[in-house]
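Student: need a structure here:
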Amino acid sequence: MLKVRALTFIGAFVLLVGIPTVWSADSAINGAGATFPAPLYMQWAYKYNQINPGIRINYQSIGSGGGIQQIKSKTVDFGASDAPLKKAELDSFGLIQFPMVMGGVVPVINLSGFQAGQLNLDGPILAAIFLGKIAKWNDPAITALNPEMKLPDKAIGVVHRSDGSGTTWIFTTYLAGVSPEWKEKVGADKAVSWPTGTGGKGNEGVSVTVQQISGSIGYVEYAYALQNKMTYTQLKSHDGDFISPSQESFMAAAANADWKNAPGFYMVLVNQPGQESWPITGATFILMYKNQSKADLSKTMLTFFDWCFQHGDDQAQKLDYVPMPDNVVKMVEDEWKAVVRSNNQPLWP
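Tutor: Numbers count the residues shown, from 1 in each chain. The predicted structure follows:
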């Protein structure tokens, strides 16, 4: 399994994995956006280059907000976002979006003496912590969920994203759904006005900041928690059971997704029913233009995404992401065939 270290995703894949930089500019595909899938995109780009050494995939892990901004300004060939755009916005810019993979956002803590999955939290308490209303680890509300644990009389240090982030969109969408106060005072978006806490840029920055602040809590994509050996909490599921994040719990949450009836593949997967459904599950999306000016490069880009769908499941599962089901992949590629054009000619297949 690829070792992922905090703060190593900033910059292009080619620089991170040591691939020789000998290609022409026309063979380079440039993307930017979400940090949520960056460990997997890094692995896919590396594997694909081993098979196709003449093709370079450059991806900047800058957050979903940056990815959306860059694709809209046409400074990249594709954008990546964990916060899907609604169809009206896609249409206004001539974009399509499609899901590449699914995963989970997990609360992570830096609390001495606690192991991963040992501390129980639920949605309302998590919201109260990030609102600044619960400020100590031995608060009665947390103690009530953990009667057998000795919780310290220690201040909670909240850590959140400082950049526009699809991970934040998933996390705050969950909080807004379980806490009326959060919904009213903060809401759900890629960037919000945080009531309290310290900001970190990207999943990488949040991971590092939580590791540096004793007594802190933050939220990161599951692969970052695992690769950085962070302590994650359990959460109460929609149906009331305390569960740990896992590929199985992400799959359970994703099982109810009705992609066929999701205009523009807009899908929200948080707080899905089921005893084993991880409540903060989400998909991550690719954004690209329907009308492509560089036919050969665009065909290469779609061929890469197709390879990820057809041959990248093992890498996805090793990094604890959930691959897209075959029927969804078919829907995505049917969409490519129907709408992606260059000089009015279809580019796929």
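Student: Could you use CA atoms for every contact and neighbour count after this?
Tutor: Fine.
Student: any idea of the mean pLDDT in the helix or strand hosting residue 89?
Tutor: Here residue 89, judged by DSSP states H and E, is contained in helix 87-93. Throughout helix 87-93, pLDDT has a mean value of 97.
Student: partners of the longest strand anywhere in the chain, with directions?
Tutor: Determined from DSSP state E, the single longest strand within the chain is strand 95-109. With DSSP bridges as the test, strand 95-109 is paired with strand 216-221 (antiparallel), strand 231-232 (antiparallel), strand 281-289 (antiparallel), strand 322-323 (antiparallel).
Student: And the helix holding residue 89, what's buried?
Tutor: Residues of helix 87-93 classed as buried: 87, 90 (neighbour count, 16 or more other C-alpha atoms under 10 Å).
Student: What sits closest to residue 242 if chain neighbours are left out?
Tutor: Distances taken as C-alpha to C-alpha, 6 or more residues apart in numbering put residue 236 closest to residue 242, at 4.2 Å, once the chain neighbours are dropped.
Student: quick one: the helices in the stretch 151-300 of the chain?
Tutor: 166-178, 180-185, 202-212, 222-227, 247-254, 295-311 (DSSP state H, counting those that start in this stretch).
Student: Now tabulate those helices in JSON lines and tack on mean neighbour count, distance to residue 88 and mean pLDDT.
Tutor: Shown next, in JSON lines, are the helices of the stretch 151-300 of the chain (neighbours: other C-alpha atoms under 10 Å; distance: least, C-alpha to C-alpha, whole Å; pLDDT from 0 to 100):
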{"stretch": "helix 166-178", "mean neighbour count": "25", "distance to residue 88": "19", "mean pLDDT": "96"}
{"stretch": "helix 180-185", "mean neighbour count": "15", "distance to residue 88": "24", "mean pLDDT": "98"}
{"stretch": "helix 202-212", "mean neighbour count": "24", "distance to residue 88": "28", "mean pLDDT": "95"}
{"stretch": "helix 222-227", "mean neighbour count": "22", "distance to residue 88": "31", "mean pLDDT": "92"}
{"stretch": "helix 247-254", "mean neighbour count": "22", "distance to residue 88": "24", "mean pLDDT": "94"}
{"stretch": "helix 295-311", "mean neighbour count": "17", "distance to residue 88": "23", "mean pLDDT": "96"}
